[in-house]
Every structure is written in structure tokens, then in C-alpha cells.
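S.K.: sequence plus the predicted model coming up.
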Amino acid sequence: MKTTIEKGAPVVTLINVFTVDPSKQDELVKVLDDATEKVIKDLPGFVSANIHRGLDGRHVVNYVQWESREAMDAMLGPPGGPV
């Protein structure tokens, strides 16, 4: 399912903003892409994910939608959990 940003949409959105050294931006984007493709997209309740590079080279934003708060919380899990 593609990402849709719409008021009242039945999804929960997790937004992570990372600040990195500009020389590491590409590396972080690759890590996030790989994690999404290899793990996150197959978790129950996953809807969509988008990774955005900041034009300044110092920021990366990961925008992930989940079917419910419970699905998102299960992905986050306890510290040291499986994901």
C-alpha cells in the first residue's frame, strides 16, 4: 500500500528525524532502506514507509505508517527486543 497523508486516515504514523554528519547521510539512508526491506515491511500491521534525505546533508527523516498503535508498539517492542 502506498503512503497516504490524510486527515482521519485509519493509520498511526511514526516519524523519526535523524541528524548525521553529512558524510554519513548515504550510509544511514541505506541502513534504513535495508531494515525496511528485510524486516519492517513484513511485520504485522505495516502499511508503508518513506525515507527522506535533508537537502543540507545533515538530516534523514523516516516516516512509517502502521495499521494501529498496537502494531507500532509491537514493532518498537521492549528495549533489547527482536527489532
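M.R.: Noted; the coordinates are in hand.
S.K.: only C-alpha atoms from now on, for both contacts and neighbour counts.
M.R.: Fine.
S.K.: leaving out chain neighbours, which residue sits closest to residue 53?
M.R.: Nearest residue to residue 53, sequence neighbours excluded (C-alpha to C-alpha, 6 or more residues apart in numbering): residue 60, at 4.7 Å.
S.K.: quick one: furthest residue from the center of this structure?
M.R.: residue 23 (21.1 Å; C-alpha atoms, centre = their mean).
S.K.: just say helix, strand or coil for the closest residue to it other than its chain neighbours.
M.R.: Nearest non-adjacent residue to residue 23, counting by C-alpha to C-alpha, 6+ apart: residue 57, 7.8 Å away. Secondary structure assignment for residue 57 (DSSP: H, G, I helix; E, B strand; the rest coil): coil.
S.K.: surely residue 57 touches residue 22?
M.R.: Yes: Residue 57 lies in contact with residue 22 (C-alpha atoms under 8 Å); the separation is 4.6 Å.
S.K.: residues making contact with the longest helix belonging to the chain?
M.R.: In the chain, with assignment by DSSP state H, the single longest helix is helix 25-38. For helix 25-38, contacts defined as C-alpha atoms under 8 Å, 6 or more residues apart in numbering pick out 49, 51, 53, 57, 58, 59, 60, 62.
S.K.: can I get the residues you listed in JSON lines with pLDDT, distance to residue 28 and neighbour count?
M.R.: Shown next, in JSON lines, are those (pLDDT from 0 to 100; distance: C-alpha to C-alpha, whole Å; neighbours: other C-alpha atoms under 10 Å):
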{"residue": "49", "pLDDT": "94", "distance to residue 28": "15", "neighbour count": "22"}
{"residue": "51", "pLDDT": "96", "distance to residue 28": "10", "neighbour count": "19"}
{"residue": "53", "pLDDT": "97", "distance to residue 28": "10", "neighbour count": "16"}
{"residue": "57", "pLDDT": "97", "distance to residue 28": "11", "neighbour count": "15"}
{"residue": "58", "pLDDT": "98", "distance to residue 28": "11", "neighbour count": "15"}
{"residue": "59", "pLDDT": "98", "distance to residue 28": "10", "neighbour count": "19"}
{"residue": "60", "pLDDT": "98", "distance to residue 28": "8", "neighbour count": "22"}
{"residue": "62", "pLDDT": "95", "distance to residue 28": "11", "neighbour count": "17"}
